[in-house]
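> take a look and give me a structure for this.
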Amino acid sequence: MLEFTDGEKINQSDWEEGRYSPTPTIIEAALALYKGHTVSEISRKDASANKLKITTDTISELISFSKEKSRKSICFVTGVPGAGKTLVGLKIATQYDETSKELQSVFLSGNGPLVKILCAALANDKVDIDKKAGKKTTKKDALTKVKAFIQNVHHFRDEYIEDIRAPKEHVTLFDEAQRAWDIKQTSNFMIRRKGKPNFNISESDFLISCLNRHKDWAVIVCLVGGGQEINTGEAGINEWIKSLIKSYKDWDVYISPNLLEEEYGSKEILKDLELHSNIIYNLD
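Numbering: from 1, shown residues only. Take a look at the predicted model:
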């Protein structure tokens, strides 16, 4: 059957001598990152691992630049499922934690079960590590610390509907950002659950507005998967771009060239974004 396949012929000797090097689970990766490891240390030693490091370093440089120049920036990082987008987000979140008072970050995900599992695993690990070091830390205290930088995106949204101040974090990372709710889904939820009949903007628009409350600088990192909007009311990446065009013309926009690919469905709206004064294509 191999005679009918396309592509480069596999070298049999290399195949037989190769080693099985699976990537870590997201839980294992999160635990390693929380302990201070880098993405390259916990990834396979191949081109993919190198690309993850480059992406993480680029985002770190963007954060430093935005802080130094008092800029507000948003960047869109693309990747197929399993490419390591979540890993990149978690690395930045653990890198800029509550110990850095002027540069705190938060990793946001709409995947409730993932957030709960990550928080529980990290909190348990923190308790175990402190116990071995002769320090007593309760599960509650450990969980509180973890939840400071890993949260459900809807909980974050609901908090800043009631609290009109700027978030304490200057950096937010939205995992699977293409799944943010559209205007209809968000408005219906606000009417039914929150008693706010006049809430008529999309989830992505509101989330940008929260970071826009900062008077100095802010950075939003959108981790984007193409064609992965799977539930009713998930707006896709175009809703983020519409919000930028409509309301946030002073924000710097860093975009992966991959967003022009068909699976992201953003090629046409990106033409409108070209009128934006500060758009840079360099992240993937």
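> now the strand or helix carrying residue 114: buried residues?
Residue 114 is part of helix 112-132, with elements assigned from DSSP states H and E. For helix 112-132, the neighbour count (16 or more other Cβ atoms under 10 Å) marks 114-115, 118-119, 121-123, 125-127 as buried. (C-beta placed from N, C-alpha, C; glycine too.)
> just stretch 180-189 next, same as before
Buried, per 16+ other Cβ under 10 Å, within stretch 180-189: 180-183, 185-187, 189.
> from those, which land in helices?
Of those, the ones assigned to helices by DSSP state H are 183, 185-187, 189.
> and which of these is nearest to residue 80?
residue 185 (25.5 Å; Cβ to Cβ).
> how near is the closest one to residue 204?
11 Å (Cβ to Cβ, to the nearest Å).
> between the two, which contacts overlap?
residue 235 (Cβ atoms under 8 Å, 6 or more residues apart in numbering).
> mind jotting down where the helices sit in the stretch 51-200 of the chain?
85-95, 112-132, 139-147, 153-162, 183-194 (DSSP state H, counting those that start in this stretch).
> make TSV out of those and add mean pLDDT.
Shown next, in TSV, are the helices of the stretch 51-200 of the chain (pLDDT from 0 to 100):
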stretch	mean pLDDT
helix 85-95	86
helix 112-132	87
helix 139-147	89
helix 153-162	90
helix 183-194	83
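> how about JSON lines for these, with distance to residue 218 added?
Below are the helices of the stretch 51-200 of the chain laid out as JSON lines (distance: least, Cβ to Cβ, whole Å):
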{"stretch": "helix 85-95", "distance to residue 218": "14"}
{"stretch": "helix 112-132", "distance to residue 218": "22"}
{"stretch": "helix 139-147", "distance to residue 218": "21"}
{"stretch": "helix 153-162", "distance to residue 218": "13"}
{"stretch": "helix 183-194", "distance to residue 218": "21"}
